[in-house]
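*Asks:* Give me coordinates for this.
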Amino acid sequence: MRERIKSSVLGKRKVLTTCLSNPSKADPRIIKSCTSQHALAQLAIPSENIAATSLNSMKKAADRFIEDGGWAKLNSLREAVDSISKPPRTNAARAAEKQKELEEVRKQLLEADRTRLRISMAYTELLRLTRNLVANDPQGREAIFRHQSVWGKNLALTIVTPEKQND
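*Replies:* Modelled structure (predicted):
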């Protein structure tokens, strides 16, 4: 068991070093396994004597069998291979991403504003209709008046009635 883990860890170091020295011929499985520590631990290539192991076992074996840095060295190789598979991010690319995110947020805010406006218009119309329906009911008028005195200030709404328009 110990020999299998040793050969696996040393094999992973070998294939990572090979990927870095010749990225164009790198095995896609190796590059994909470098996205995370766990993915590297799960890498299995029987032809290279590389077996899947747990992350803790791989870390311990790397510290034990890789003389020039142990796990830190293996992890730095993993990160280096992972970085070659991604295009470098330039300031222009970052700015474009930020601009795209900003435009998306602006669209969401605009849609939220439109939705609030539609709700406000519907509420105002409903309140106007309700006032008309309770025009001859003193309790209904009182309830509407209380509602408007509480919520009218909070919502900054003023209901215009035909009586007020003639003044």
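*Asks:* what number of residues lie near residue 27?
*Replies:* Counted with other Cβ atoms under 10 Å, the neighbours of residue 27 add up to 14. Just so you know, the C-beta spots here come from the backbone N, C-alpha and C atoms, and that holds for glycine as well.
*Asks:* ugh, typo on my part, it should be residue 20
*Replies:* Neighbours of residue 20 (other Cβ under 10 Å): 14.
*Asks:* Quick one: mean pLDDT over the host helix or strand of it.
*Replies:* Here residue 20, judged by DSSP states H and E, is contained in helix 2-21. For helix 2-21, mean pLDDT rounds to 90.
*Asks:* The chain - how does it break down into domains?
*Replies:* 2-84, 91-166 (automatic domain parsing).
*Asks:* got a list of what the residue sitting nearest the centre point of the chain touches?
*Replies:* By Cα atoms, centre = their mean, the chain has its centre lying nearest to residue 101, at 11.8 Å. Shown in contact with residue 101 (Cβ atoms under 8 Å, 6 or more residues apart in numbering): no residues.
*Asks:* Tell me which helix or strand it sits in.
*Replies:* Assessed by DSSP H and E, residue 101 sits inside helix 91-133.
*Asks:* Buried residues in the next helix or strand after that helix, which are they?
*Replies:* Counting by DSSP H and E, the next helix or strand C-terminal to helix 91-133 is helix 138-155. Buried residues in helix 138-155, counted by 16 or more other Cβ atoms under 10 Å: 144, 148.
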